[in-house]
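**Q** Predicted model and sequence below, questions to follow.
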Amino acid sequence: METTNNRHPVLFVGAGPGDPELITVKGRRALEAADVIIYAGSLVPEAVLQWARADAAVFNSASMHLEEIITEIESAHKQGKRVVRLHTGDPSLYGAIFEQMAELQQRDITYQIIPGVTAAFAAAASLGIEYTLPELSQTLILTRMAGRTPVPESENLESLAQHNASMAIYLSVGMIEDVMQILQNAYGQDAVGAVVYRASQPDQKIIVAPLKDLAKEVRKANIKKQALIIVGKSVGIRKQDITYKSKLYDQAFSHGCRKEI
């Protein structure tokens with residue numbers, strides 16, 4: 001992938017939720033080809049770097065500010081090197097890539113984005129749930145609690161919770177008591193919720209409990225960061241409950257690929 005000026009575009013790559021095998025094939029190939037890798041070390045496990053070449057220059061951006069990151073990218077790009085900016089999960093979600101892309105555009109540096117698997121989907125796989133059960137919930141909200149990073153008033157957690165949709169709440173487990181109070185008011189204190197710590201990784205922890213007890217269980221497990229809070233009707237559905245069936249495989253439902261029986 002070379003541009004007309006014989007320089008490679010900078011690749012923003014989603015590393016996935018942590019399991020190095022959950023990076024996309026395209027993302028892995030980008031890492032294997034990279035001369036320079038700048039990875040978000042506060043969240044991307046070093047295990048994902050196993051796909052990097054031994055001679056690749058690797059920078060942990062956890063202690064770097066924006067200007068330092070862009071300087072490294074620009075320097076490598078000018079030398080004709082293949083640069084990968086490796087973000088956790090999918091870079092479009094809480095990835096802070098917009099500001100980096102804006103800086104690259106100002107410098108006339110081309111870039112491309114390779115999506116990744118976000119933690120909400122790895123957590124659902126670990127829990128064995130379907131967020132969008134027919135006739136129960138057809139909406140998944142991805143959001144966060146307002147903290148040091150503000151949230152638009154129209155998107156505050158209280159408002160979103162009123163939909164009673166499936167919800168995956170990022171970057172908020174450090175405020176678990178506040179989150180649980182809001183969720184209990186909307187979903188009910190006996191509604192089942194879950195917290196998944198470091199989804200897909202070897203030290204993954206899963207807590208499933210009624211919302212009234214979830215904060216206590218999270219504190220007991222000493223989970224303070226890198227965890228996803230999940231709530232919604234699909235979390236508490238028993239696996240043996242066959243009430244919620246899709247029309248897709250219903251023998252009495254015809255569609256373009258099958259006639260009804």
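**A** Nice, I can see it.

**Q** Run through the strands of the stretch 151-261 of the chain in chain order.
**A** Counting by DSSP state E, counting those that start in this stretch, one finds strands in the stretch 151-261 of the chain at the ranges 166-170, 192-197, 205-210, 227-231.

**Q** and the angle from the third one to strand 227-231?
**A** Orientation check (axes from the mean of the first three to the mean of the last three CA atoms, to 10 degrees): strand 205-210 against strand 227-231 gives 30 degrees.

**Q** Buried ones in strand 205-210, by neighbour count?
**A** Lys205, Ile207, Val208 (16 or more other CB atoms under 10 Å). Using the backbone N, CA and C atoms, a C-beta is placed for each residue, glycine as well.

**Q** Tell me where the model's unsure across the chain.
**A** Along the chain, segments meeting pLDDT under 70 span 1-6, 238-261.

**Q** on that earlier part again, possible to save the strands of the stretch 151-261 of the chain as TSV with distance to Glu68?
**A** Formatted as TSV, these follow (distance: least, CB to CB, whole Å):
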stretch	distance to Glu68
strand 166-170	25
strand 192-197	30
strand 205-210	33
strand 227-231	29
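
**Q** out of the ones you listed, deepest packed?
**A** strand 227-231 (a mean of 27; mean count of other CB atoms under 10 Å).

**Q** That one - contacts with which helices or strands?
**A** helix 119-127, strand 166-170, helix 176-187, strand 192-197 (3 or more CB pairs under 8 Å, 6 or more residues apart in numbering; DSSP states H and E).

**Q** Include distance to His87 when you put the ones you listed into JSON lines, please.
**A** Listed next are the helices and strands packed on strand 227-231 as JSON lines, based on distance: least, CB to CB, whole Å:
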{"stretch": "helix 119-127", "distance to His87": "12"}
{"stretch": "strand 166-170", "distance to His87": "14"}
{"stretch": "helix 176-187", "distance to His87": "24"}
{"stretch": "strand 192-197", "distance to His87": "19"}
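
**Q** Tell me which of those lies nearest to Gly41.
**A** Gly41 lies closest, by CB to CB, to one member of these: helix 119-127, at 16.7 Å.

**Q** could you point out which element follows that closest one?
**A** strand 140-144 (DSSP states H and E).

**Q** Helix 176-187 and that next one, what's the angle between them?
**A** Going by the same axes, to 10 degrees, strand 140-144 makes 150 degrees with helix 176-187.

**Q** what angle do strand 140-144 and helix 119-127 make?
**A** 120 degrees.

**Q** Which of the helices and strands packed on strand 227-231 sits closest to Leu157?
**A** helix 176-187 (5.1 Å).

**Q** Would you mind listing the buried residues in the closest one?
**A** Ile176, Val179, Met180, Ile182, Leu183, Gln184, Ala186, Tyr187.
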